[in-house]
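Novice: attaching a predicted model along with its sequence, questions to come.
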Amino acid sequence: MLDPDTIRTVLYRERQELQKRIETPVETARGDDADLATMSQNKERALWLVNEAKQRLAEIAKALDRLEQGTYGKCLNCGTPIPEERLRAMPLTLYCVQCQGKLERKSRR
């Protein structure tokens, strides 16, 4: 099983990077119509990225809570341990491969 301190370090590092991304100010729109259109698109994209980062931060917080409770690395659906290789590749994963597959098939219907 992965070392909890290693997991915690990975999650803290990602959280720090995401927080930096959220804190980056958005430019004030100035210029001609073309400049304003470009700035508007950039601002919209930046806001989308901030929202994505906030969602990821929430997932990290939940993973850290699971780590503290001793439930990190266990499938939320069936309770079996999630393979270490899967956790290394996707530290925020909530489900084992089988349960994830079932959820994805169910959502496609």
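Specialist: Cool, the structure landed.

Novice: residue at max distance from the center of the chain?
Specialist: In the chain, counting by C-alpha atoms, centre = their mean, Asp32 sits farthest out from the average C-alpha position, at 37.0 Å.

Novice: in the longest helix belonging to the chain, which residues are buried?
Specialist: Secondary structure of the chain per DSSP state H: the longest helix is helix 33-69. Within helix 33-69, the residues that qualify as buried are Met39, Val50, Ala53, Arg56, Leu57, Glu59, Ile60, Ala63, Leu64, Arg66, Leu67, counting by 16 or more other C-beta atoms under 10 Å. For glycine as for every other residue, the C-beta is placed from the backbone atoms N, C-alpha and C.

Novice: pLDDT wise, what is Pro83 at?
Specialist: Listed pLDDT for Pro83 reads 94.

Novice: so it sits against Cys96, correct?
Specialist: Yes - with contacts defined as C-beta atoms under 8 Å, Pro83 counts as touching Cys96 at a distance of 7.4 Å.

Novice: ok, now how distant is the residue most central in space within the chain from Ser40?
Specialist: Using C-alpha atoms, centre = their mean, the residue of the chain that lies closest to the mean C-alpha position is Arg56, 2.8 Å off. With distances taken as C-beta to C-beta, to the nearest Å, Arg56 is found 25 Å from Ser40.

Novice: same check on Pro91?
Specialist: For Pro91, the distance to Ser40 equals 35 Å [C-beta to C-beta].
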